[in-house]
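# got a structure for you, letters missing:
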C-alpha cells in the first residue's frame, strides 16, 4: 500500500484528542507531509496545523485526505461522508484505518469511480503476497518487540529512525500497523493479512537492501499475548532481524484485553532469540525501551538503570531520555564495513 | 462452516489419484457419508464407491456435492461448471477447497441464488471471529504438531479419534484444514483466517465441553517453518492443549517449500511446551507419530523404538502400527474422574 503525500488530516467532530490520535501521530513524525487539518463544527481535537478547506488543500498541493480520527465503534459516521465525497471530487485520494470500508459506502465508491481517485482502507488490504521463504536478505534489520501490545513499539522504531538518521546512518521505518502506514506512506497492516501470508508480507515490506541499510520494523503484539502471538511470530520470522529492542510498560499488571500477566523482559528476550534464530541465527537484543510516563523522575531513572544492569544493554525511555544509547550500541555492535 | 451430509464426491476428469486426494481422504474416514462419486469422461481417479448422476445422488438423499479433486493450478476448469450448476439446480449445496471461489463464477453464483443453495468455499471463510482470550475452557484437548508441514497431523488426529472412540472415550476430531473440514462436516481452514483472529477461530472451533470429552485438533505447519509458524503458534494458543503428539517424516531433509532443515523431535517438544504453557500450563507430550512409509519393516521398527526410548513416550506409525499405544498413554495420564 503506497499513499501519496502530502496530506490533509480530516478530524471530523471527535470529542477529544484521543479520538484523533492517528492524526496527531502523523503530525508528530511527519510534520512536513501535513499541510493542514479539516475539522467539522464541534471538533474538540486540534493537530495544531493550519485549518484548511478541501479546495485550499488542493491548491496547497495535497494529494491524500487521511481520515485520522475515529468515533466510538470505529465506523464511519454518515455526516463525514460529504467531506470524503468532496475530497474525491476535488481530486484527492482518501485513506482511513477505520474498521468499516470506504468502498462499502455507495456515495464514496461512486465518487471514487467518477474521479478516478484511490481509496485506501488500511485495515483491509486487498494486496496479495507470496508465502514467506525465510531466505536471508541483504541489508540490516531491527524489530521492536514487546512484553504486551501498546507498549511503544511504533514510537521506538520511529525514534530510532530519527536518531540513526541524525547519526548519519541509512535507516527507514517500516510500518506494520495502520498509523505507521500513514506515517511512512507505505506498509501493510499485518494483523489484517490472511494468516498464511504473515511472514511473506513482511518479506515484501522489507526487501533486499544495501549492506549498511537499516530497516526499522514496527513490531506488533507479543509472543506472550494469547490473542496475537501468531502475528508476532510470523512478523519475527519475516523480519529476520539482526537486532531487536524490547518495549515494556512497567505499571501494567495484565496483558491488554486478557487476564494473563505480563512476561518479564528476560522471558521476551529468550523466546525472541529462540524463535528468531530460525531465520537469522545471529539475532541479538540491543536495547530496552521502557515507557516510564507513569513514574516520577527518580523511579524512572532507577527502573532504567536496573534494567540496563540486569540485561547488560542500554535501557531508555524514548520520550523521557531519548534513544541515543541504543543508537550508540547499534553502531558499536554493527560497525560499518 | 457447517457442511450438510451425506456427500456426492465430484472427481472431474483429473489425471491421477493424487489430484483426487481430498475425495479419497473423505472416503477413508467417513465412508458412511459418501453415497457416490461423479466422474467426467477421462477421469483416472476412482474413490471405489458407486458412480452416480446428480439425479441419482439427490434420490439417494445426498445434500452436498464436494468438489474433491483439483486440477493443475488449483483453479476451477470451465468444463466443470456445468456439473456444479446442475447440482445446485437439483437442490444440492456445493463445497470446494479450490483457491478460486465458486461465487466468482457468474453461472454458479446465479444458480446458487435461484436455487437457494449454499456455496462453501472452504479456503475463503467469510465467517467473523472474536480475538482469542486464552481463558481455560472445560473439557480436554489434544493437538497434533509437527516437525514440518504434511507429516501426518490430520491423519494422526483422525486415527486417534477412531482409537479413542473404540476404547469407549468421548472424542471428536476438530478440523483446521480444508480436507479435514469435509471429513468432519464442520471446521475452519485456519490458514485462511485473518491473522488477528487465528487463536480466536480455534477457540470457536473447540468450545467448552464435558470434563471427560476430548477434542482432537488437527495441527497445521510447524513452529519451525519460516512460512507458517505464525499460524502454528496461534493454533497452539487457541487450542490450549492438555496433550500433544509430535508428527514426523524421517526421510525428509528440508522443510516443505523452503531450504531450512527439519528440527529434531526434541526441539519441537521443547518449543511447543515453552509456548503452549501460556494458555495451558499443564501441557505435555503424550506420543510421537512417525510416517515410516519409505522405510523397510526392520528400519521402521528400529526408528520407532529409538524415538520411544529417547523421549520416554509411545512412538507409532499410525498406518503401520496403529495408534493404540498413544490411546493407552492418554488413558493412563488422564484417568477418568
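Received it, and whenever you're ready, just let me know what you need. Predicted, not measured: the structure shown is a model, and the values here were computed from it. Numbering: from 1, shown residues only, chains lettered A, B, ... in the order given.
# SS state for residue A:267?
Three-state assignment for residue A:267 (DSSP: H, G, I helix; E, B strand; the rest coil): helix.
# show me the contacts for it.
With contacts defined as C-beta atoms under 8 Å, 6 or more residues apart in numbering or on different chains, the neighbours of residue A:267 are residue A:224. For every residue, glycine as well, the C-beta is placed using N, CA and C.
# one more time with 10 Å, if that's ok
Residue A:267 sits next to A:147, A:223-224, A:246, B:274 when contact means C-beta atoms under 10 Å, 6 or more residues apart in numbering or on different chains.
# which two among the residues you listed are spaced furthest apart?
A:246 and B:274 (17.4 Å; C-beta to C-beta).
# more neighbours, these two?
Taking other C-beta atoms under 10 Å in any protein chain shown, residue A:246 and residue B:274 do not tie; residue A:246 has more neighbours (30 against 17).
# please identify which helix or strand holds that one.
Under the criterion of DSSP states H and E, residue A:246 resides in strand A:243-248.
# so how far is that strand off the chain centroid?
Computed by C-alpha atoms, centre = their mean, to the nearest Å, the separation of strand A:243-248 from the middle of its chain amounts to 15 Å.
# chain center to stretch A:318-336: distance?
For stretch A:318-336 - counting by C-alpha atoms, centre = their mean - the centre lies 20 Å from the chain centre.
# then stretch A:257-269?
Taking C-alpha atoms, centre = their mean, one finds the center of stretch A:257-269 at 21 Å from the center of the full chain.
# now stretch A:35-50
22 Å.
# for it, which positions count as buried?
A:35-40, A:43, A:45, A:47, A:49 (16 or more other C-beta atoms under 10 Å in any protein chain shown).
# and these as TSV, adding distance to residue A:97 and pLDDT?
Output for the buried residues of stretch A:35-50, formatted as TSV (distance: C-beta to C-beta, whole Å; pLDDT from 0 to 100):
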residue	distance to residue A:97	pLDDT
A:35	20	98
A:36	20	98
A:37	17	98
A:38	17	98
A:39	18	97
A:40	19	97
A:43	18	96
A:45	16	95
A:47	16	96
A:49	19	97
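# of these, closest to residue B:162?
Nearest to residue B:162 among the buried residues of stretch A:35-50, counting by C-beta to C-beta, is residue A:45 at 60.8 Å.
# need the nearest residue in space to the closest one, chain neighbours excluded.
Spatial nearest neighbour of residue A:45, excluding adjacent residues (C-beta to C-beta, 6 or more residues apart in numbering or on different chains): residue A:20 at 3.6 Å.
# care to break chain A down by domain?
Following automatic domain parsing, one gets these domains for chain A: A:7-121, A:140-333.
# number of residues surrounding the nearest residue to residue A:169 once chain neighbours are set aside?
Ranked by C-beta to C-beta, 6+ apart and with sequence neighbours excluded, the top spatial neighbour of residue A:169 is residue A:214, at 6.3 Å. Other residues near residue A:214 number 25, with proximity taken as other C-beta under 10 Å.
# would you confirm that residue A:214 contacts residue A:161?
Yes. Counting by C-beta atoms under 10 Å, residue A:161 is a contact partner of residue A:214 at 8.5 Å.
# who touches both of the two?
A:142, A:169, A:171-174.
# turn the residues you listed into JSON lines, including secondary structure, neighbour count and pLDDT.
Shown next, in JSON lines, are the shared contacts of residue A:214 and residue A:161 (DSSP: H, G, I helix; E, B strand; the rest coil; neighbours: other C-beta atoms under 10 Å in any protein chain shown; pLDDT from 0 to 100):
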{"residue": "A:142", "secondary structure": "strand", "neighbour count": "27", "pLDDT": "98"}
{"residue": "A:169", "secondary structure": "coil", "neighbour count": "19", "pLDDT": "98"}
{"residue": "A:171", "secondary structure": "strand", "neighbour count": "23", "pLDDT": "98"}
{"residue": "A:172", "secondary structure": "strand", "neighbour count": "17", "pLDDT": "97"}
{"residue": "A:173", "secondary structure": "strand", "neighbour count": "24", "pLDDT": "98"}
{"residue": "A:174", "secondary structure": "strand", "neighbour count": "24", "pLDDT": "98"}
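# chain B: which of the buried residues of stretch A:35-50 is nearest?
For these, the closest approach to chain B (C-beta to the nearest C-beta) belongs to residue A:45, at 26.7 Å.
# for residue A:14, see how far away that closest one is.
According to C-beta to C-beta, to the nearest Å, residue A:45 stands 5 Å off from residue A:14.
# now the strands for chain A?
A:7-12, A:34-39, A:64-67, A:93-96, A:119-121, A:140-146, A:170-174, A:213-217, A:243-248, A:284-290, A:315-316 (DSSP state E).
# sheet partners, orientation included, of the first one?
Using DSSP bridges, strand A:7-12 pairs in its sheet with strand A:34-39 (parallel), strand A:64-67 (parallel).
# for residue A:286, which of those strands is the nearest?
Nearest of the strands paired with strand A:7-12 to residue A:286, taken as C-beta to C-beta: strand A:34-39 at 31.3 Å.
# count of neighbours near whatever residue of the stretch 1-150 of chain A ends up closest to chain B?
At 2.7 Å from chain B, residue A:134 is the closest residue in the stretch 1-150 of chain A, using C-beta to the nearest C-beta. Burial of residue A:134 is recorded as 23 neighbouring residues (other C-beta under 10 Å).
# could you do residue A:178 as well?
By other C-beta under 10 Å, 21 other residues sit near residue A:178.
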